[in-house]
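Peer 1: The following block contains a protein sequence and its predicted model.
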Amino acid sequence: MTDSPNETSAAISEREAGIEKFDAIVIGSGVTGLYSLYRMRQLGFSVRAFDDASGVGGTWYWNRYPGCRFDSESYSYGYSFSDELLQEWDWKEHYSSQPETERYLNYVADKFDLRRDIQFNSRVMSATFIEAESCWEIVLQDGSKARGQYLITSVGSFSAGYVPDFEGIDSFKGITSHTRGWPAEGIDLAGKRVGVIGTGASGVQLITEIAKEVAHLTVFQRTANYCAPLRNGLIDDETQKQIKASYPEIFRICKETPGSFMHEFDKRSAMDVSPEERLEQYERLWAEPGFKKWLSNFHDVMVPGEANEDYAEFVRNKIRERVHDPVIAEMLVPKDHMFGSKRLPCESGYYEVYNQDNVLLVDVREAPIERITPKGVKTRDAEYELDVIVYATGFDAITGGLINLNITGQNGQTLKDKFAAGPRTYMGITSAGFPNLFTVNAASVGNFVRASEPLIDWVGETMGYLRDNDFKRIAPTIKAEDAWVKHVNEDGANILRTQANSWFVGANIPGKARALLTAPDTAPAMRAKRAEVTANGYEGFIVE
Ligand code: N01
């Protein structure tokens, strides 16, 4: 190949160095990454996805711990872009297990021939904006490079697992695993003394499942959670047909609801009806599966205030009813945070686990973990001897996965420095000084698939606009970004999600600045905002 007269010297050296160039580089091949790939291809862009995993699935690849499953309805979680796919795929359970969801994502990858544009076992070590070429250059672990005009970080909200920096952590002689990164071949827990640290959504699912087989289980709980019965079940043939016939309606409801789930709030206030009517509704919804208990309930159950506390007390009493020992029951009853201010796990027999003779609940707020020893876990009060320690200790959510990519924008500015006091974005998805970077993982709200399809469609539309108008780059103005950050902080201050110490606000990671990591807005409001920006000629952006 000879040099083209129009080729820049940087482009020539890049070609000679064997650096492949694409219109778009996608990082991750989970739910959002697969759709990014599909959509960009469909729009005629050259695209490659890079993933450090050996297969597709993202969250559903890495979280193979026992008990891992959806707690939003399977059929509300699948892709909506292909009717054929919707009609072909049979969800087996109302709330799909991790293996089935991973199978689904593999099926999608095969059906749309996505694998040919995914490079697996390829961890992205850094991403740097190349000013002269208006593109991003990524460097992989093996030192190889690739360039893309656009960089789409489909790395998910929970890709950076967090293990507390316990003293002596490496001294433990038994087996350890975080819930994320659970070995594909499993861990043989039968007959073993197992300790689980953490009782968030992952811990709750894992504990319930492994309590069936371990010899002894010690649960180290720092904060009790509000958990509600999932009430999962198999989908029979008749229901399967109904679901397939109802997809337009399911997606219509998801499109209109705040978190893109298939449940609509009762517009009445809990406090406007009689106590009897209120309780009747609480009980009726409690008997229903999934998130209906709060997302179809009186709307103010999910707003700080009297109704929220009224419902919290209802849930506390439900927990008390299920645990035989009143002392243990009180340990499991949350009293230090509002209902819904932390992510609400759904469970299938979690509380009954604590009625088993071989299960011990240890309050590590009262007596904190002091160190990990060769034999197990040492708290202020005792040493617990274990064969296996499971860290169900969560994630450096949303920004952790981004910062781990070592992203450097214009003038050598790193995203890590820029986000030191909390995310600084415009609409969650773009950041000043980081042209053509789409941080889609930071812009999702609620049900991830429902949120990511329109988000990626907007990215594709934006890229199409640049292509059609011969523009090379797009980035928000500092003014638009400042206004957005102010909006997130001010409008986020009073919503439930900012009222507790959780990953929602980065409070689960020591030293991480406290800031709402997602938009405070509903999914429809976010879509409307993006549509308005586009309709106004990319208002708030500099397009060059
Ligand atoms: O993580 P978490 P997760 N000493 O941060 C404890 C999604 N998800 O992996 O609450 C002792 O919620 C910590 O205690 P505290 C979902 O969005 C979805 O469970 O900070 N304990 C907490 O109990 C979810 O919200 C599904 O006091 C320590 C736990 O570890 C998100 O992923 C399933 C500690 C961490 O809980 C994250 O959930 C699973 C320490 N030093 C996950 N440090 C679905 O159903 C932390 N902890 C779809």
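Peer 2: Noted; the coordinates are in hand.
Peer 1: contacting residues around the residue positioned nearest the centre of the chain?
Peer 2: Centroid check for the chain by C-alpha atoms, centre = their mean gives Ser157 as the closest residue, at 3.7 Å. By C-beta atoms under 8 Å, 6 or more residues apart in numbering, the contact list for Ser157 reads 395, 397-398, 401, 441, 444, 448. All C-beta spots, glycine's among them, are computed from the backbone N, C-alpha and C.
Peer 1: got a winner among those residues for most neighbours?
Peer 2: Within these, neighbour counts (other C-beta atoms under 10 Å) peak at Asn441, which reaches 30 neighbours.
Peer 1: and the nearest residue to it once chain neighbours are set aside, how many neighbours?
Peer 2: Distances taken as C-beta to C-beta, 6 or more residues apart in numbering put Val155 closest to Asn441, at 5.0 Å, once the chain neighbours are dropped. Val155: 28 surrounding residues under other C-beta under 10 Å.
Peer 1: what sits against Ile250?
Peer 2: So Ile250 contacts 75-76, 243, 262 (C-beta under 8 Å, 6+ apart).
Peer 1: Show the model's pLDDT score for it.
Peer 2: What the model reports as pLDDT for Ile250 is 96.
Peer 1: Put the alpha carbons of the helix or strand containing it into CSV.
Peer 2: Taking DSSP states H and E as the definition, one finds Ile250 inside helix 237-256. C-alpha atoms of helix 237-256 as CSV (Å, rounded to 0.1, in the frame of the first residue of the first chain):
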residue,chain,number,x,y,z
ASP,A,237,-46.4,-22.2,28.0
GLU,A,238,-49.5,-20.1,28.3
THR,A,239,-47.8,-17.3,30.1
GLN,A,240,-45.0,-17.4,27.7
LYS,A,241,-47.4,-16.8,24.8
GLN,A,242,-49.0,-13.9,26.7
ILE,A,243,-45.7,-12.4,27.4
LYS,A,244,-44.7,-12.6,23.7
ALA,A,245,-48.0,-11.0,22.7
SER,A,246,-47.6,-8.2,25.3
TYR,A,247,-44.1,-6.9,24.5
PRO,A,248,-45.3,-3.6,23.0
GLU,A,249,-47.4,-3.0,26.1
ILE,A,250,-44.5,-4.1,28.5
PHE,A,251,-42.1,-1.7,26.7
ARG,A,252,-44.6,1.1,26.6
ILE,A,253,-45.0,0.9,30.4
CYS,A,254,-41.3,0.7,30.9
LYS,A,255,-40.8,3.7,28.7
GLU,A,256,-43.1,5.8,30.8
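Peer 1: avg pLDDT for the helix or strand just after it?
Peer 2: Downstream of helix 237-256, the first helix or strand assigned by DSSP H and E is helix 275-286. Summarised as a single mean, pLDDT over helix 275-286 is 98.
Peer 1: and helix 275-286, how far out from the chain's middle?
Peer 2: Relative to the chain's own centre, helix 275-286 is displaced by 31 Å; criterion: C-alpha atoms, centre = their mean, to the nearest Å.
Peer 1: Check which helices and strands that helix is in contact with.
Peer 2: Counting contacts by 3 or more C-beta pairs under 8 Å, 6 or more residues apart in numbering; DSSP states H and E, helix 275-286 is packed against helix 292-295, helix 306-322.
Peer 1: so which of those helices gets nearest the ligand?
Peer 2: Set against the ligand and scored by C-beta to the nearest ligand atom, those come closest in helix 292-295, at 14.5 Å.
Peer 1: tell me which residues in the closest one are buried?
Peer 2: The neighbour-count check on helix 292-295 (16 or more other C-beta atoms under 10 Å) flags 292-295 as buried.
Peer 1: now those in a markdown table, with distance to Gln149?
Peer 2: As requested, the buried residues of helix 292-295 are arranged in a markdown table below (distance: C-beta to C-beta, whole Å):
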| residue | distance to Gln149 |
| --- | --- |
| Lys292 | 44 |
| Lys293 | 46 |
| Trp294 | 43 |
| Leu295 | 40 |
